[in-house]
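>>> Need a 3D model of the sequence below.
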Amino acid sequence: MKEKLQRIQEEAAKRIQESDSLDKLNDVRVAFLGKKGELTAVLKGMKEVAAEDRPKVGQWVNETRAQIEKHLEDTKVKLEAAVMEEKLKTEVIDVTLPAKKMEIGHRHPNTIALEEVERIFIGMGYEVVEGPEVEYMDYNFTKLNIPEGHPARDEQDTFFIDDKICLRSQTSPVQARTMEKGKLPIRMIAPGRVFRSDEVDATHSPSFHQIEGLVIDKHITFADLKGTLEEFAKELFGPETKTKFRPHHFPFTEPSAEVDVSCFKCGGKGCRFCKGSGWIEILGCGMVHPHVLEMCGIDPEEYTGFAFGVGLERIALLKYEIDDMRLLYENDTRFLKQF
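Got it, this is the predicted structure:
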């Protein structure tokens, strides 16, 4: 038996030495160590060996297997090294060639504008609050003093999912949800995406972003609103910026106003950017309607507050003098890398 194992080992060594590829080496492994290999056949014939000789024969078989496996592994390492060397010769890399230029991303104008607005209001002690984009009609309309039959509820303005749910047309529902919690006083801004059934053009989109603010506390007056928005405008557009409040109407505020800022391009003298008026409209605002406070569980006799809302895209368009809102959403890297 020992002579037979010696012969198998020598035959295996010879075939391993003759193998000039990994495939041939694997064939040798299968021929000697596989399920039907020569060494496996010896193990299967152990039942014919005398019981007292089986331990010794088993040891010889294991030693032979170990020798063949070591020889196979050593040869495999050499063949793999030879394959890699040949591959490196054929795939020469010219390290003097210029490398591929990595495309570096840029922050979106909307993101820059939003971070700037958040920085200003957080510095005033406000918190940033977010809410769902798919909203109940109660929060989107009813609790904001927009009753059934109001033009804002028309299908031509709002995306309805069913008779109780819609895509929010403003971020004001976040204000209603915050007031309902009853944790007073409140100083918050609610940035987020809103949806309206508008045609896409240079100044309109069915999906855009708003930032709405809310302050609820005792003894809040229109003077607080005016001072807050004046400070906001100066921080955003420059210390020389002036503000002008024009009477307006919003169902959820009373009194209400629209706010204009002096044109930061011409200093209020009149130019193409401000269409010769010297002023640019930026946002709407007003004192929170007492009925809105009541519907959200706040006593209007004890608490008052103000709210305001500004389009994020409008700020970006004004701040960076972009004349077409569609540029913000086309993902044209030639445009975006300017910021």
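>>> Find the residue ranges of the stretch 51-200 of the chain scoring beneath the pLDDT cut-off.
Applying pLDDT under 70 to the stretch 51-200 of the chain flags residues 51-54, 57-58, 60, 155-156.
>>> ranges for the strands of it?
127-128, 134-136, 165-167, 186-195 (DSSP state E, counting those that start in this stretch).
>>> nearest to Cys296, of those strands?
Among the strands of the stretch 51-200 of the chain, the nearest to Cys296 by Cβ to Cβ is strand 186-195 (10.3 Å). All C-beta spots, glycine's among them, are computed from the backbone N, C-alpha and C.
>>> ok, residues contacting that closest one?
With contact meaning Cβ atoms under 8 Å, 6 or more residues apart in numbering, strand 186-195 is reached by 114, 117-118, 121, 124-131, 133, 158-159, 167-172, 174-175, 178-179, 206-217, 305, 312.
>>> circling back to that earlier point, winner for burial among the strands of the stretch 51-200 of the chain?
Sort the strands of the stretch 51-200 of the chain by mean neighbour count, taking mean count of other Cβ atoms under 10 Å, and strand 186-195 sits at the top with a mean of 20.
>>> Could I get the contacting residues of Lys24?
Glu18.
>>> measure it to Lys76 for me?
Using Cβ to Cβ, to the nearest Å, Lys24 is found at 11 Å from Lys76.
>>> any idea how far Arg153 lies from Asn110?
To Asn110, Arg153 is 28 Å away according to Cβ to Cβ.
>>> rewinding a little: so which of the strands of the stretch 51-200 of the chain comes closest to Thr253?
Proximity to Thr253 (Cβ to Cβ) singles out strand 186-195 among the strands of the stretch 51-200 of the chain, at 15.1 Å.
>>> Could you give the number of residues near Glu180?
Neighbours of Glu180 under the rule other Cβ atoms under 10 Å: 14.
>>> Quick check: closest non-adjacent residue to it.
Sequence neighbours aside, Cys296 is the residue nearest to Glu180 in space, at 5.1 Å (criterion: Cβ to Cβ, 6 or more residues apart in numbering).
>>> Give me the distance between the one you found and Glu212.
In terms of Cβ to Cβ, Cys296 sits 15 Å off from Glu212.
>>> And the two? Which one has more around it.
With neighbours defined as other Cβ under 10 Å, Cys296 and Glu212 compare such that Glu212 has more, 24 against 20.
>>> which stretch of helix or strand covers that one?
Element membership for Glu212, per DSSP states H and E: strand 207-217.
>>> and the contacts of strand 186-195, which are buried?
114, 117, 121, 126, 129, 131, 158, 167-172, 174-175, 178-179, 208-216, 305, 312 (16 or more other Cβ atoms under 10 Å).
>>> pretty sure Lys269 is in contact with Gly276, am I right?
No - counting by Cβ atoms under 8 Å, Lys269 stays clear of Gly276, with 9.4 Å between them.
>>> Touching, Phe264 and Thr241? I think so.
Yes - counting by Cβ under 8 Å, Thr241 is a contact partner of Phe264 at 6.3 Å.
>>> related to what we said a few turns ago, return the list of helices and strands in contact with the strand holding Glu212.
helix 109-123, helix 172-180, strand 186-195, helix 222-237, strand 304-311, helix 312-319 (3 or more Cβ pairs under 8 Å, 6 or more residues apart in numbering; DSSP states H and E).
>>> Now it: average pLDDT?
When pLDDT is averaged over strand 207-217, the result is 94.
>>> Break this protein down into its structural domains.
Split into domains by automatic domain parsing, the chain comes to 2-90, 109-336.
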